Every structure is written in structure tokens, then in C-alpha cells.
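**Student:** Sequence plus predicted model, see below.
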Amino acid sequence: MSAQATKSEGLAGIIAGQSAVCSVEQGGLYYRGYEIHDLAENATFEEVAYLLLIGDKPSGAELEKFKKQMIEARALPDHAVELVKKVAKAPAVHPMDALRTVVSYLAHFDPDCQDNSKEAELRKSIRLTAQIATIIGHMQNVIDGRDIVKPDPALGHAANLLYMMRGAKPTEEEAHIIDVSLILYAEHDFNASTFTGRVIAGTLSDMHGAVTGAIAALKGPLHGGANEAAMEMIQEVGSVDNVEPFMKNAFATKRKIMGFGHRVYKEGDHRAAILHNLGRAYADKKGKEAVKWFEIGEKVQKIMADEKKIYANVDFPCGMTYFVMGIPVPQYTPIFVASRITGWAAHIIEQHENNKLIRPLSEYTGPSGLKW
Ligand code: SDX
């Protein structure tokens with residue numbers, strides 16, 4: 001192996017390239033230079049999507065044009081709706097797999113599919129961002145056995161996502177909570193799914209293929225799938241009184257506590273408290289049945305901090321928040337995709353703009369010198 005090679009399991013601590021999209025440090029999380037609390041407080045998801053994809057804050061006119069393009073791109077072609085109806089009811093399907101399948105299928109009907117130019121990839125990014133929300137909505141309609149709910153052009157992206165999933169308009173507070181969660185989930189540097197997308201784009205393969213791979217990576221419970229796994233764990237705990245015995249047993253059996261820990265953030269995830277506070281305030285208004293889930297979660301967080309110095313990441317409050325809003329658990333990670341598509345697309349465009357094939361080394365540990 002060449003002298004300058006550095007070995008690190010899981011590429012921990014390795015700088016694998018340069019990027020101008022996002023900075024993730026214990027000291028702060030920045031999208032294109034804007035700090036995450038500032039964005040969560042003062043921006044909308046559509047503004048953040050524009051910022052990530054185009055690279056700067058939109059003017060009023062630029063934002064109106066972008067929102068119009070997104071609204072016009074929301075509807076799926078009938079043949080894609082038929083595919084959603086098929087895959088959403090398949091015997092062994094998970095919504096993340098169904099979403100991956102439909103996104104991959106949409107490539108075959110996108111005239112820009114084989115075009116990796118920045119202009120074509122911006123067009124594809126807008127289409128994918130708009131349509132992934134529609135796929136999730138239609139999927140939920142099929143699972144609920146109800147008619148397909150078509151996108152409502154009068155609603156913003158977050159409100160329309162909830163509307164399509166439920167067939168009823170959300171309250172302003174619910175739409176705002178989803179909008180902020182989409183901002184928090186939008187981008188996070190070279191995380192596993194984004195890096196997957198960059199590796200695929202790095203061979204000069206196309207955006208739909210890179211996004212299909214990124215969806216598969218995000219599904220895993222060590223990554224985006226943790227928001228579902230965290231809520232399933234909280235449901236397994238079931239009551240505040242059961243937290244201590246549950247955690248004692250988890251530590252004894254070396255069970256990973258989903259929604260906790262992070263490869264970069266070792267003193268807590270900047271995004272977690274923002275979403276926790278919104279979800280807890282919503283639960284407080286809904287009453288004690290909803291608050292109970294946050295009380296369980298808060299007790300789990302205290303034990304993890306006191307005994308392990310391991311802190312909640314964004315997936316932990318996401319699980320509780322989406323749960324008390326009545327969003328079905330298997331749709332949590334698909335909703336993560338509906339947001340992270342903007343970060344993935346920004347990185348795929350950046351990779352194609354200044355490409356270098358991504359190909360690390362491995363340390364060989366197998367046998368040698370054998371005769372056949
Ligand atoms: C996301 O990268 C990103 O930016 C991802 C993300 C994004 O926005 O894209 O932030 C989104 O994926 C957040 C992470 C969601 N995943 C989970 O919540 C799953 C549970 N978390 C762990 O699996 C773990 O914390 C990771 C995978 C997130 C990070 O793992 P690392 O950096 O590889 O650290 P590690 O697993 O080596 O842990 C170090 C030690 C270990 O102890 P030892 O085995 O060395 O004795 O801490 C322990 C771990 O066992 N530990 C945990 C734990 N997380 C770490 N122990 C129990 N429960 C946990 N959650």
C-alpha cells in the first residue's frame with residue numbers, strides 16, 4: 001500500500017473531498033453559510049431547497065418562479081400512479097423500497113435522464129423534489145385503501161405533503177412543524193446516503209441512479225431509518241415507569257439505542273432540540289396521551305446522557321413528533337427522503353461540476369500465494 005494511505009474504519013475522520021454545500025461541526029451546522037437555527041426560524045423549506053440547489057438565497061421573484069416550477073412538477077403521470085398502486089400493496093414491501101422503485105422508474109420517462117449538465121440536473125432536482133412528496137402521498141392513500149389524493153396547487157410543499165397523505169388539510173401548526181422538519185433534514189455534508197450519491201455520480205452515472213442508491217442507503221436503521229426505529233423502541237418501552245428497566249436491559253445486552261449518537265456530533269445534534277421543542281409543544285396541546293411519548297423519550301435521553309454521555313440526534317425527536325401528529329411510522333424515513341433529495345441533488349450537481357472518481361483502497365487480509 002502506498003506510503004501516504006490512511007486507514008480508518010468507516011472512513012471515520014477522513015476528509016474525502018471538498019464541498020461548498022454544507023458545513024457540519026460540533027460548533028455549528030451551516031447550509032451554504034446560513035446557520036441551522038436561523039434557517040429553521042426564518043426560512044421555509046422551499047427557500048432552503050432553492051438555497052441548496054442554486055447556491056444562494058432567492059429573491060422574491062426567484063422564489064415565486066421556483067415555487068411555481070415545483071407546483072407544476074408535482075403531479076405524477078398516470079402510469080407512475082398505477083405503479084405506486086402496485087408496489088404499495090406488494091406483500092414484502094416497505095415504503096422506502098416502494099419509493100426507491102418509483103423514483104428509479106421515473107428515470108425512464110425523464111427526457112433529461114442521461115444529461116448530467118447543470119441545467120438538466122436542476123430541472124431533474126425540481127421534478128424529483130416535487131414528485132417524491134407526491135409518491136409518498138399516493139403510497140399512503142393506497143395503504144389506507146382510499147382514493148388517490150391529487151396535489152393541491154394552493155398549498156405549500158409541507159402542507160401539500162400532509163394533505164396528500166391524509167386527504168385533509170393540515171392545521172397551520174402541523175404544516176409548520178413538517179416544514180421545519182424538512183429544513184432540518186435537508187442536508188448534512190458527506191453522510192452515508194449523500195456520499196453514496198456522490199460515489200455513483202463520480203462514475204459519471206446519472207442523477208436518478210445516484211438518488212436511487214442514496215434512498216437505499218438512507219433506509220438503514222444506522223442512518224435515516226433510525227427515526228422509525230426510535231419510535232418503535234419508544235412504543236416498546238410503553239410507559240415512563242418501564243424506562244429504567246428497559247434501559248438497564250438494553251445496556252446489559254449492548255443494544256443500540258436508536259436515535260442516539262452520531263459520527264460527527266459527540267456533544268449533541270444541533271437539530272434535535274429544535275424539533276423536540278416543536279413536537280413537545282404540539283403534544284402538550286394534544287393532552288396527556290400524546291405527552292406520555294415525550295415523557296418516555298425525555299427519560300431515555302436523561303439516562304443516555306447521565307450514563308453514556310451519548311445524545312439524541314435529529315431522528316429521536318422526529319419519531320416522537322411525527323407519531324403525535326398521527327403520521328404512520330413506516331412513512332418517517334420516506335419523509336426524510338422528501339427533504340434530503342435537495343441535499344443529495346446539490347451534492348450530485350457539485351460532484352459532476354468538478355468530478356474525480358471516488359475509489360478508496362482496502363487493506364487486504366485474505367490468503368496469498370495459493371496455487372490453483
Ligand atoms: C443520521 O452522518 C450523518 O450526518 C447522518 C445524519 C444525517 O443528517 O444525514 O445525521 C442522520 O443518520 C443520524 C444517526 C441515526 N442513527 C442512529 O440513531 C442509530 C444509532 N446510532 C449508532 O448506531 C451510532 O451512534 C452511529 C452509527 C450513528 C454513529 O456510530 P459511530 O460514529 O460509528 O460510533 P460507534 O458506533 O463506533 O459508537 C462509538 C461507541 C460504541 O461503543 P463501543 O462499541 O466502541 O464500546 O458508542 C456506542 C457504541 O456502542 N454507541 C452507542 C450508540 N451510539 C454509539 N451505544 C448505544 N446506542 C447508541 N445509539
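**Tutor:** That came through, no problem.

**Student:** all contacts plus neighbour counts: C-alpha atoms, from now on.
**Tutor:** OK.

**Student:** contacting residues for Asn355?
**Tutor:** Gly202 (Cα atoms under 8 Å, 6 or more residues apart in numbering).

**Student:** any idea how far it is from the ligand?
**Tutor:** According to Cα to the nearest ligand atom, to the nearest Å, Asn355 stands 22 Å off from the ligand.

**Student:** On the pLDDT front, check that residue for me.
**Tutor:** At Asn355, the predicted lDDT confidence score is 98.

**Student:** Look at it and give its secondary structure.
**Tutor:** coil (DSSP: H, G, I helix; E, B strand; the rest coil).

**Student:** tell me the phi and psi of it?
**Tutor:** Backbone torsions for Asn355, taken as degrees, to the nearest 10, come to phi -80, psi 150.

**Student:** same deal with the one 5 residues further on?
**Tutor:** Here the main-chain torsion angles of Pro360 (degrees, to the nearest 10) amount to phi -70, psi 180.

**Student:** Give me the below-cutoff pLDDT ranges for the stretch 251-372 of the chain.
**Tutor:** Of all residues in the stretch 251-372 of the chain, none has pLDDT under 70.

**Student:** Kindly report the residues of it close to the ligand.
**Tutor:** Lys256, Ile257, Met258, Gly259, Phe260, Gly261, His262, Arg263, Asn313 (Cα under 6 Å from any ligand atom).

**Student:** got the contact list for the closest residue to the fifth one other than its chain neighbours?
**Tutor:** By that I understand Phe260. Distances taken as Cα to Cα, 6 or more residues apart in numbering place Ala312 nearest to Phe260, at 4.3 Å, with adjacent residues excluded. The contact partners of Ala312, by Cα under 8 Å, 6+ apart, come to Gly259, Phe260, Gly261, Gly268, Asp269, Ala272, Gln301.

**Student:** care to break the chain down by domain?
**Tutor:** With domains defined by automatic domain parsing, the chain comprises 22-221+329-353, 226-324.

**Student:** Just put those domains in a markdown table and tack on distance to Arg359.
**Tutor:** Formatted as a markdown table, the domains of the chain follow (distance: least, Cα to Cα, whole Å):
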| stretch | distance to Arg359 |
| --- | --- |
| domain 22-221+329-353 | 8 |
| domain 226-324 | 21 |
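
**Student:** Go through those and name the closest to Lys371.
**Tutor:** Set against Lys371 and scored by Cα to Cα, the domains of the chain come closest in domain 22-221+329-353, at 34.8 Å.

**Student:** The closest one spans what distance, first to last residue?
**Tutor:** By Cα to Cα, to the nearest Å, the extent of domain 22-221+329-353 from end to end equals 16 Å.
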